[in-house]
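*Asks:* sharing a model prediction with you, sequence too.
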Amino acid sequence: MLTNMAIFWFAGSILLKFICIVTSQSPDPCAPLQPVPIFNDEQALLDFLGFNVTCALHDVKVRISECSLKQLRYQPVKDLGVGNFSTSSFISTRDLDDPGCLPYNDGSGSIMFKFNLTMCHPSVIVDKSGNNMSYVYTVGNVVNGSVLDAVRRMRLSIPFTCGFMMSMRDSLDFSVLGVYLRSPVRMKTQTGLQNVLMGLFRDANFRHPITAKPNEFPRVKLDSTTYLGLTIDTDENYLALEAANCWITHESSFSDRRRNDLLKNGCPDPDAERTGLVRLSRNFNSTTVEMSFRPSTWKLAAHSLQRMYIHCRVSLCDWVLDQKCIEKHCPEIEPGANSYGNNMISKVISLGPISIDGSFNVCHEQNNGGCSHLCSVDEKGARICHCPPNSFLQSDGLSCRSKEVIKAFKHQLHKRSIRNSGRIENGYAWMGSLAILFMLVMAFSIRIRTILRVKRYGKGRLEL
């Protein structure tokens with residue numbers, strides 16, 4: 001009996017050891033493949049890697065199988081990065097300025113990239129219509145050590161594209177090196193704040209923001225049209241944005257005396273609109289304000305110091321509570337009228353400085369083009385002189401004259417005319433008094449003469 005049990009125990013131990021040996025020698029499913037596989041097309045590689053991309057409005061997510069990368073001799077979280085590979089075969093860790101451009105292990109057998117569309121140096125492509133934008137990235141080799149260390153592994157270069165239809169807000173949010181302002185604006189009818197974005201654009205589609213490199217000012221050309229757009233950073237469609245006043249100054253202060261009005265009471269000046277200096281496309285009744293203007297140079301400012309700051313007094317309206325705020329139209333607003341509704345709180349937001357590039361331009365000839373204040377160039381390249389607020393262009397087409405001076409002059413004339421009319425009236429009164437006095441004196445003298453004559457004749461008759 002004991003012998004049988006010993007034999008059974010011995011056989012069991014041998015079997016257990018055999019199972020352990022077999023188990024310990026089972027191949028690792030994620031071990032590097034020998035030889036390195038060759039893929040006939042890109043789709044076969046993507047299927048092998050389990051490559052998956054999700055493009056959201058703000059974020060991009062890329063998933064790759066960790067095991068598949070190990071089979072291709074990659075250390076998944078060290079050897080890959082996402083960026084722009086158009087100028088280099090490999091991307092250096094020095095070029096990955098954001099952690100989102102490097103992968104991390106999500107704990108489910110995949111590595112993941114998660115980043116914003118403005119990160120990782122994408123190639124940005126806009127179609128001819130200007131309504132669609134594509135961001136092109138590449139997942140590829142990162143050089144941590146030498147180039148040879150990267151070459152010994154299979155070369156990976158997987159491009160992918162995230163594209164979407166743009167709005168003004170999207171083009172500002174996702175613009176690479178875009179120049180724009182984001183400012184919170186309060187509403188009387190709601191708690192909290194709504195962000196208003198203001199930026200400059202290159203065309204009437206309001207999809208191509210003007211950009212500038214870090215530590216540089218954005219530049220606009222004097223001989224071309226600049227487009228100014230404002231929008232609400234929200235998807236709520238019950239809000240209406242209104243720009244009651246927009247103006248340009250030479251210095252950063254919105255109360256700077258050197259000023260050029262774009263909008264007043266929500267509408268452009270008729271003369272500026274007629275000459276094409278300012279055009280308003282949209283205001284009052286949507287979530288955006290769209291306008292265009294021709295930049296101007298300032299008198300007594302050197303060419304290198306020609307710059308501008310743009311200011312807009314904006315307000316938000318909940319048209320569900322106040323229907324009148326979206327029923328406004330420029331021709332119906334009287335000059336000087338208050339364009340704000342009862343449920344609106346206004347705020348001034350400013351953008352700048354913005355350099356004005358007017359090289360070899362008529363406005364830089366003859367000291368500001370001969371204009372006494374502001375000089376612009378129309379679409380035909382001709383000079384247009386115009387004036388700051390409360391002044392008007394004189395008949396010479398060059399110089400401005402203050403309306404306040406004219407008002408003061410007219411006031412003096414009016415006072416003088418009142419004084420003169422008072423003098424004339426007083427003179428007439430004195431003349432009337434003198435005439436009456438003269439008539440009284442004449443009547444009295446006639447009366448005296450008559451009495452004396454009667455006495456004289458009577459005395460003569462008595463003497464006869």
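*Replies:* The structure has been received and is ready for your questions.
*Asks:* what's residue 204 in contact with, if anything?
*Replies:* By CB atoms under 8 Å, 6 or more residues apart in numbering, residue 204 lies in contact with 227, 281, 292. Any C-beta I mention is one placed from the backbone N, CA and C, and that applies to glycine too.
*Asks:* if we use 7 Å, what do you get?
*Replies:* Contact analysis of residue 204 by CB atoms under 7 Å, 6 or more residues apart in numbering lists 227, 292.
*Asks:* state the distance from residue 251 to residue 310.
*Replies:* 12 Å (CB to CB, to the nearest Å).
*Asks:* now residue 160
*Replies:* From residue 160 to residue 310 the distance is 38 Å (CB to CB).
*Asks:* neighbour count winner among the two?
*Replies:* Set residue 160 next to residue 310 and count neighbours by other CB atoms under 10 Å: residue 310 wins out with 24 against 17.
*Asks:* can you tell me the closest non-neighbouring residue to the more buried one?
*Replies:* residue 351 (4.8 Å; CB to CB, 6 or more residues apart in numbering).
*Asks:* shouldn't the one you found be within a helix?
*Replies:* No: counting by DSSP: H, G, I helix; E, B strand; the rest coil, residue 351 falls outside a helix, being strand.
*Asks:* skip ahead from the helix or strand residue 161 falls within and say which helix or strand is next.
*Replies:* Assigned by DSSP states H and E, residue 161 belongs to strand 157-165. Using DSSP H and E, the helix or strand that follows strand 157-165 in sequence is helix 168-173.
*Asks:* what comes up buried for the next helix or strand after that next one?
*Replies:* Using DSSP H and E, the helix or strand that follows helix 168-173 in sequence is strand 180-186. Neighbour counts over strand 180-186 (16 or more other CB atoms under 10 Å) mark 180, 181, 183, 185 as buried.
*Asks:* give the pairing partners of strand 180-186; include direction for each.
*Replies:* Strand 180-186 pairs in its sheet with strand 193-201 (antiparallel), by DSSP bridges.
*Asks:* which residues are contacting the partner strand?
*Replies:* So strand 193-201 is contacted by 169, 172, 178-187, 208-210, 218, 220, 226-234, 239, 241, 312, 314, 316, 349, 351, 354 (CB under 7 Å, 6+ apart).
*Asks:* and that strand, which residues are buried?
*Replies:* 194, 196, 197, 198, 199, 200, 201.
*Asks:* now do stretch 260-275
*Replies:* Neighbour-count burial for stretch 260-275 [16+ other CB under 10 Å]: 260, 261, 262, 263, 264, 265, 266, 267, 268, 269, 272.
*Asks:* and it, how far from the chain's centre?
*Replies:* 18 Å (CA atoms, centre = their mean, to the nearest Å).
*Asks:* now that stretch - C-alpha only, PDB.
*Replies:* Below are the C-alpha coordinates for stretch 260-275, written out as PDB (Å, rounded to 0.1, in the frame of the first residue of the first chain):
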ATOM      1  CA  ASN A 260     -10.700 106.700 -35.400                       C
ATOM      2  CA  ASP A 261     -14.300 105.500 -35.000                       C
ATOM      3  CA  LEU A 262     -15.400 102.300 -36.700                       C
ATOM      4  CA  LEU A 263     -18.900 101.900 -35.200                       C
ATOM      5  CA  LYS A 264     -21.000 104.400 -33.400                       C
ATOM      6  CA  ASN A 265     -24.300 103.300 -31.900                       C
ATOM      7  CA  GLY A 266     -23.800 100.000 -33.600                       C
ATOM      8  CA  CYS A 267     -23.400 101.400 -37.100                       C
ATOM      9  CA  PRO A 268     -20.600 102.700 -39.200                       C
ATOM     10  CA  ASP A 269     -20.400 106.400 -40.100                       C
ATOM     11  CA  PRO A 270     -22.200 107.000 -43.500                       C
ATOM     12  CA  ASP A 271     -19.200 108.700 -45.000                       C
ATOM     13  CA  ALA A 272     -16.800 106.000 -44.000                       C
ATOM     14  CA  GLU A 273     -19.200 103.300 -45.300                       C
ATOM     15  CA  ARG A 274     -19.600 105.200 -48.600                       C
ATOM     16  CA  THR A 275     -15.900 105.400 -49.200                       C
END
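*Asks:* buried subset of the contacts of strand 193-201 as a ChimeraX selection?
*Replies:* A single ChimeraX command selects the buried members of the contacts of strand 193-201 (16+ other CB under 10 Å):
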select :169,172,178,179,180,181,183,185,187,208,209,210,218,220,226,227,228,229,230,231,232,239,241,312,314,316,349,351,354
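*Asks:* if we can go back for a sec, so which of the buried residues of strand 193-201 comes closest to residue 52?
*Replies:* residue 197 (32.3 Å; CB to CB).
*Asks:* show me where the stretch 351-464 of the chain has strands.
*Replies:* 374-377, 383-386, 391-393, 400-402 (DSSP state E, counting those that start in this stretch).
*Asks:* contacting residues around residue 100?
*Replies:* 113, 114, 115, 119, 120.
*Asks:* tabulate the buried residues of strand 180-186 (JSON lines), appending pLDDT.
*Replies:* Below are these laid out as JSON lines (pLDDT from 0 to 100):
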{"residue": "180", "pLDDT": "85"}
{"residue": "181", "pLDDT": "87"}
{"residue": "183", "pLDDT": "89"}
{"residue": "185", "pLDDT": "86"}
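*Asks:* quick one: pLDDT of the nearest residue to residue 397 once chain neighbours are set aside?
*Replies:* Spatially, and ignoring its direct neighbours in sequence, residue 397 is nearest to residue 385 (6.0 Å; CB to CB, 6+ apart). Among the per-residue scores, residue 385 shows a pLDDT of 89.
*Asks:* wait, isn't residue 385 in contact with residue 398?
*Replies:* Yes: between residue 385 and residue 398 there is a contact under CB atoms under 7 Å: 5.3 Å.
*Asks:* quick one: common contacting residues for the two?
*Replies:* residue 371.
*Asks:* and these two? Which one has more around it.
*Replies:* More neighbours surround residue 385 than the other of residue 385 and residue 398, with 22 against 17 (other CB under 10 Å).
*Asks:* any idea what the more buried one is bridged to?
*Replies:* Beta-bridge partners recorded for residue 385 (DSSP bridges): residue 375.
*Asks:* for it, give me its contacts.
*Replies:* Residue 385 touches 371, 374, 375, 393, 397, 398, counting by CB under 7 Å, 6+ apart.
*Asks:* now, which of those sits nearest residue 440?
*Replies:* residue 393 (62.2 Å).
*Asks:* can you tell me the SS state at residue 67?
*Replies:* Following three-state DSSP, the label given to residue 67 is helix.
*Asks:* which residues sit in contact with the residue nearest to it when sequence neighbours are not counted?
*Replies:* Nearest residue to residue 67, sequence neighbours excluded (CB to CB, 6+ apart): residue 30, at 4.1 Å. By CB under 7 Å, 6+ apart, the contact list for residue 30 reads 67, 70, 71.
*Asks:* number of nearby residues for the last one?
*Replies:* The local packing count at residue 71 equals 20, with neighbours defined by other CB under 10 Å.
*Asks:* pretty sure it is touching residue 34, no?
*Replies:* No: with contact defined as CB under 7 Å, residue 71 does not reach residue 34; the gap is 10.0 Å.
*Asks:* tell me which residues in the strand holding residue 161 are buried?
*Replies:* 158, 160, 162.
*Asks:* who does the closest residue to residue 227 other than its chain neighbours bridge with?
*Replies:* The shortest distance from residue 227 to any non-neighbouring residue, by CB to CB, 6+ apart, is to residue 201 (4.1 Å). Bridge pairing for residue 201 (DSSP bridges) gives the partners residue 209, residue 227.
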